[in-house]
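Enquirer: This is a predicted model, with the sequence first.
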Amino acid sequence: MESEWITTSTILGGLRDFADRGAWEHFVSRFRTPIVHLAIGQGLKPADAEDVAQESLLAFADGF
């Protein structure tokens, strides 16, 4: 599947099955970069921005 053609709703819908590794990898590949860019834009160093992205995605997964 081409990521440009998959909607956010489709991505999130695939996360219903926590064991669906492909769905979670797709989710991370779609949302990690925007989180990192936002964190860098707020003044964080790239390594710290990566940490923020990881923590944010883990918190989302934990709450899902």
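Expert: Structure received. Numbering: from 1, shown residues only.
Enquirer: name the helices or strands packed onto the helix ranked longest in the chain?
Expert: The helix that spans the most residues within the chain, counting by DSSP state H, is helix 21-41. Helix 21-41 sits against helix 8-13, helix 46-63, with contacts defined as 3 or more Cβ pairs under 8 Å, 6 or more residues apart in numbering; DSSP states H and E. C-beta: built from backbone N, CA, C; applies to glycine.
Enquirer: mean pLDDT for those: which is lowest?
Expert: Mean pLDDT is lowest for helix 8-13 among the helices and strands packed on helix 21-41, at a mean of 82.
Enquirer: Distance from it to the middle of the chain?
Expert: 12 Å (Cα atoms, centre = their mean, to the nearest Å).
Enquirer: contact partners of stretch 16-32?
Expert: S3, I6, T8, I11, L12, G14, L15, A53, Q54, L57, A61, F64 (Cβ atoms under 8 Å, 6 or more residues apart in numbering).
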